[in-house]
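> here's a sequence, model it:
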Amino acid sequence: MPSIPHWIVYAAAVVFPILAFVLTPPSIWVNRLVSSLSVHPTFDTSRVTSVNVYGTELRGRDRDRFLNAFNQADFLFERGLVPELNYNPIFIRVKEGKRMFEFTAYLYGDGMVQLVRHKRKKNVAYRVSSQQLELVLQSCVRDPWWVS
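Just a heads-up that it's a prediction; the model follows:
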């Protein structure tokens, strides 16, 4: 039986670890890729530098309540904006590190919130279910008399 050439052994010693690394990347890289492609982002509360809801900067406990409610909201489905919701929007701006996220929220009631994420030149409308997020947004609204 002929012996295996040394260059094949050396090439395999280099190629196999690289191939294993590419096929099973570190979970930090995978989480970053998945979060950049997801419609409803999850914010790292330690990296968020500012939260602005309806023109008001949230600080302290209000900021933490909003971020926890936003992160725990259940993504339901992606859908175009419902025409009858074009009144009384709640504007949300979150800055996490160097990235800026802008949303427009419309309250449905019963824990349903329609969010429109403004990303580059596209608007992505989706719906989340969170009673807690709805309560936080209602408390942040400048003129709460119109919120049912």
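> counting neighbours, what do you get for Pro89?
Residues within reach of Pro89, counting by other Cβ atoms under 10 Å, total 15. Backbone N, C-alpha and C define where each C-beta goes, glycine included.
> how about Arg127?
Arg127 is flanked by 19 other residues according to other Cβ under 10 Å.
> do Ile90 as well
The criterion is other Cβ under 10 Å. On that basis, Ile90 has 19 neighbouring residues.
> quick one: it and Glu102 touch, right?
No. Under the contact definition of Cβ atoms under 8 Å, Ile90 does not touch Glu102, with a separation of 11.9 Å.
> now do the longest helix seen in the chain, average pLDDT.
In terms of residue count, the longest helix belonging to the chain (DSSP state H) is helix 6-23. Taken as a whole, helix 6-23 has an average pLDDT of 89.
> from now on call the first residue 56
Okay, using 56 as the starting number, the last item reads as helix 61-78.
> can you give me how far it is from the chain middle?
Taking the mean C-alpha point of helix 61-78 and that of its whole chain, the gap between them comes to 37 Å (Cα atoms, centre = their mean, to the nearest Å).
> and the helix or strand just after it, how far from the chain's centre?
Downstream of helix 61-78, the first helix or strand assigned by DSSP states H and E is helix 82-92. Average the C-alpha atoms of helix 82-92, do the same for its chain, and the two points are 12 Å apart (Cα atoms, centre = their mean).
> which secondary structure elements does whichever helix or strand comes after helix 82-92 contact?
Later in the chain than helix 82-92, the nearest helix or strand by DSSP H and E is strand 103-108. The elements that strand 103-108 packs onto, with contact taken as 3 or more Cβ pairs under 8 Å, 6 or more residues apart in numbering; DSSP states H and E, are strand 111-113, helix 115-127, strand 145-151.
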